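Trainee: Sequence and predicted model, in that order:
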Amino acid sequence: MADIIWQSFLSAVVGGVLSLDRTAALQIMISRPIVTAPVIGYMLGDAMTGLVIGGVLELLWIGELPIGGHIPPHEVIMTALITAVSLIGHKALMGTGIDIFPWKFGRADIIFIIGFTILIVIPMDMICKRVDAAARSLNARFFNAALAGLNRGFIVSTEINNVKGLGIFFILNFTTMFVLIIAGILLIYFLLPSLPAVVVMSLPLACGAAVILSLSSVYSAGYSSKSLPVFLATTFIIAAFLAVIIG
Amino acid sequence: MSIVLVRVDDRLVHGQIVEAWAPFCRATCVVVASDEAKKNRIQRIALESCTSKALTIKVEGIEESLEDIESGNMNTERVIIIFSTLKDIMQAYKNGFRFSHLNIGNIHHNGKGKKLTPSVYVDKEDEDILHNFLDMGIELDIRGVPSDRPFAIKEREMRNKE
Amino acid sequence: MQGLGFAASLAHAIRDMYKKDNDQACAVLKRHMVFYNAHPYMASPILGAVIKMEEEVKGGKRDAKDISYFKESLTGPYGAIGDTFFWGAIRPLASVLGVISALIWGLWGPVVFLIVYNIFHLWMRWFGLCNGYRLGEDVVEYIKSLELPEWALRVRLITTVFFGILVAIVVFKWFKYTTVEGQPDRIYLIFLMAIFMVIPTILLSGVLRKGISVSLAIYLLFIPAFVFLIVMNMFQRIG
């Protein structure tokens, strides 16, 4: 039990640090799913599963840009949640010895948990967006504080308040992640074993939906009049090439 | 020549135009009709650097852009025309520029004046102009991007203000 | 609210400029404490140019109003350029290359993603800042000469090519997994598999371009499949 809370806490700390890169600092893109998920996965002892989750989520949200009034999903928090909840939740469930899966997949049975996690985490995006808006409006306070500092002739007040702004983003994102990770794990622990077998069996479909949608979102993000022939030609030529030369 | 969008926007060319309206209207050319932008070399170059093969940006004075449109130079283009203020578009209207639909994106006035939406503030003169346009049967459409819900100008409310 | 961030980035340079005059430095920074919403990377050339212009103001060669007008008039177009080039073109390219690398070299994928993306990003940060400082307000000529929106179109096409390669690799992995060497007509199978991958990709991308969000689309795909499974299960029990 203490182990689960400790791991959730660590994931939330790492997620919180990486989330600063999203809008508040640097923006070298360590806040993207393809980096965040394997990092959290590595910390929880399964970097490869993290990488698979990260790769799919990276492509899934590739076309969601903060352009023209559109607010994209909070991809860092969402990625941290999906990775941490499924990995920790999987461990927690295995610890109980409850046999919920219709077939024995060995390590691959985590695909059921990931499917379940995707379905429960996506609606949590609403909360994440609220938190982000709250962090931005709190940040406006530091703007006024910095201005007041300058009025008093306190020259470093812009830099100090800028760093305080980072602190607000970290605290809010960390708290959100910690609470939601625990909530997700509780859902896995108590809700998943009580679901009927047919529902559990359908959970990998959610993973399948995410994978196929991730491909189509790349295609639609780069869409132009030349896309179709270019895409078809490369796919078939490279596939044939691989099959003939290597296969 | 077809004008696909007439817009008032004090930020002139920005993300909402290039990424949202241009694909939505399938526009091929954006004409910025602003004397101020035309006069300022730096601003003109900055606006023109948004040009690509898919979308040309032209910065012209108000008079000049009207001449350009009438001359038929751009017959094959689908044009978005942007004015920076309601005063500018009224001037264009007085010089014979006709349109049936007006999109209002951003008018900030530094936060002074009456607030219609978070990005549109109008002063007394602007209100008169909007009122004039409504009387002439021009459709007013206040929204930043096509996917926003249009803000309906309450005609009666504006009249009561008079 | 990037006004604070902009002023904070400027603070060091301003402090250097007005070493002995604290009040003057505060007054200059206060001018920059206004709402400012530019693309984070495209702020670099603007920052460079503003430092140069502030030096000119200090030397009495320029009016301080020029600087705020300069910043305001560049915000819109540079925001659009940054969105189109970095968010709309370079990041998808880096993501696709990262995922391809992850399929081939595993955990090197994220590293490749970060390297590809940050080559362009840091290039703009560094050369943007340097050229901004060197050229002053004429930095707009430099940015125009880069033709970033034009490059964005090219990069998007290149991304589509790499995406084709990505799908081919996925298909090939599937092919290796399900077939054995020497199986008759094995080579035609890969074409069938590619068709099986390509068609839903293209069809669903049409749905996404209609403005349906990806999160909603996951449920829209999952729920019918789920219902289908339940119905099948019921029939099995009755039968």
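Mentor: It's in.
Trainee: can you list the residues of chain B near chain A?
Mentor: Residues of chain B found near chain A (Cβ under 8 Å from any Cβ of the partner chain) are B:15-16, B:19-21, B:144-145, B:147-148. C-beta: built from backbone N, CA, C; applies to glycine.
Trainee: Which among these count as buried?
Mentor: By neighbour count, with 16 or more other Cβ atoms under 10 Å in any protein chain shown, the residues of chain B next to chain A hold B:15-16, B:19-21, B:144-145, B:148 as buried.
Trainee: Now, these that are in helices?
Mentor: Judged by DSSP state H, these include residue B:15 as members of helices.
Trainee: Tell me the one of the buried ones among the residues of chain B next to chain A nearest chain C?
Mentor: residue B:15 (4.8 Å; Cβ to the nearest Cβ).
Trainee: Residue A:65 is in contact with the closest one, correct?
Mentor: No: the pair residue B:15 / residue A:65 is not scored as a contact, 9.2 Å apart, by Cβ atoms under 8 Å.
Trainee: List the contacts of the spatially most central residue of chain A.
Mentor: When Cα atoms, centre = their mean is applied to chain A, the residue found nearest the centroid is residue A:79 (0.8 Å). Residue A:79 sits next to A:15, A:33, A:36-37, A:40, A:53-54, A:57 when contact means Cβ atoms under 8 Å, 6 or more residues apart in numbering or on different chains.
Trainee: State the distance from the nearest residue to residue A:120 once chain neighbours are set aside to chain B.
Mentor: Once flanking residues are discounted, residue A:120 sits nearest to residue A:187: 5.6 Å by Cβ to Cβ, 6 or more residues apart in numbering or on different chains. As judged by Cβ to the nearest Cβ, to the nearest Å, residue A:187 and chain B stand 33 Å apart.
Trainee: So residue A:187: helix, strand or coil?
Mentor: helix (DSSP: H, G, I helix; E, B strand; the rest coil).
Trainee: residue in chain A nearest to chain C?
Mentor: Relative to chain C, the nearest point of chain A is residue A:234 (2.8 Å; Cβ to the nearest Cβ).
Trainee: quick one: that residue and residue C:165 touch, right?
Mentor: Yes: contact criterion Cβ under 8 Å: residue A:234 and residue C:165 qualify, at 5.9 Å.
Trainee: for stretch C:103-111, how far is the first residue from the last?
Mentor: Start and end residues of stretch C:103-111 are separated by 13 Å (Cα to Cα, to the nearest Å).
Trainee: Do it and chain A come into contact?
Mentor: Yes: counting by Cβ under 8 Å from any Cβ, chain A is contacted by stretch C:103-111 at C:103, C:106-107, C:109-110.
Trainee: For that stretch, buried residues please.
Mentor: Here stretch C:103-111 shows C:103, C:109-110 as buried, counting by 16+ other Cβ under 10 Å.
Trainee: What residue in chain B comes nearest to chain A?
Mentor: Relative to chain A, the nearest point of chain B is residue B:20 (3.3 Å; Cβ to the nearest Cβ).
Trainee: Count residues in the vicinity of residue 137, would you?
Mentor: The chain I'm using is chain A. By other Cβ atoms under 10 Å in any protein chain shown, the residues close to residue A:137 number 10.
Trainee: should've been chain B
Mentor: Counted by other Cβ under 10 Å, the residues lying close to residue B:137 total 7.
Trainee: what's the closest residue to it other than its chain neighbours sitting at in phi/psi?
Mentor: Among residues not flanking residue B:137 along the chain, residue B:100 sits closest, at 7.8 Å (Cβ to Cβ, 6+ apart). In terms of degrees, to the nearest 10, the main-chain angles of residue B:100 are phi -110, psi -10.
Trainee: cool, and residue B:56?
Mentor: Dihedral angles of residue B:56 (phi, psi; degrees, to the nearest 10) stand at phi -90, psi 140.
Trainee: Quick check: the gap between the nearest residue to it once chain neighbours are set aside and chain C.
Mentor: Closest residue in space to residue B:56, ignoring its immediate chain neighbours: residue B:29 at 4.6 Å, by Cβ to Cβ, 6+ apart. From residue B:29 across to chain C, the span is 14 Å (Cβ to the nearest Cβ).
Trainee: Now the phi/psi pair for residue B:80, please.
Mentor: Dihedral angles of residue B:80 (phi, psi; degrees, to the nearest 10) stand at phi -100, psi 130.
Trainee: mean confidence score for the helix or strand where residue C:15 lies?
Mentor: Per DSSP states H and E, residue C:15 falls inside helix C:3-17. Average pLDDT, helix C:3-17: 90.
Trainee: if we can go back for a sec, so which of the residues of stretch C:103-111 next to chain A comes closest to chain A?
Mentor: Chain A has its nearest neighbour among these in residue C:110, at 4.6 Å by Cβ to the nearest Cβ.
Trainee: Next, the angle helix C:3-17 makes with the helix or strand hosting that closest one.
Mentor: Under the criterion DSSP H and E, the helix or strand holding residue C:110 is helix C:108-135. Here the directions of helix C:108-135 and helix C:3-17 differ by 50 degrees (axes from the mean of the first three to the mean of the last three Cα atoms, to 10 degrees).
Trainee: for helix C:108-135, what is the average pLDDT?
Mentor: Average pLDDT, helix C:108-135: 97.
Trainee: Tell me the helices and strands packed up against it.
Mentor: helix A:33-43, helix A:47-60, helix C:43-58, helix C:91-105, helix C:139-146 (3 or more Cβ pairs under 8 Å, 6 or more residues apart in numbering or on different chains; DSSP states H and E).
Trainee: which parts of it are buried?
Mentor: For helix C:108-135, by 16+ other Cβ under 10 Å, it's C:109-110, C:112-114, C:116-118, C:120-121, C:124-125, C:127-129, C:131-133, C:135.
Trainee: what about the chain, any weak spots by pLDDT?
Mentor: All of this is about chain A. Residue ranges of chain A with pLDDT under 70: A:68-69, A:97-108.
Trainee: ah, I was thinking of chain C
Mentor: Within chain C, the ranges that satisfy pLDDT under 70 run C:1.
Trainee: 80 instead, please
Mentor: Applying pLDDT under 80 to chain C flags the ranges C:1-2, C:35, C:37, C:181-186, C:239.
Trainee: tell me the domain boundaries of it?
Mentor: For chain C, automatic domain parsing gives the domain ranges C:3-145, C:148-238.
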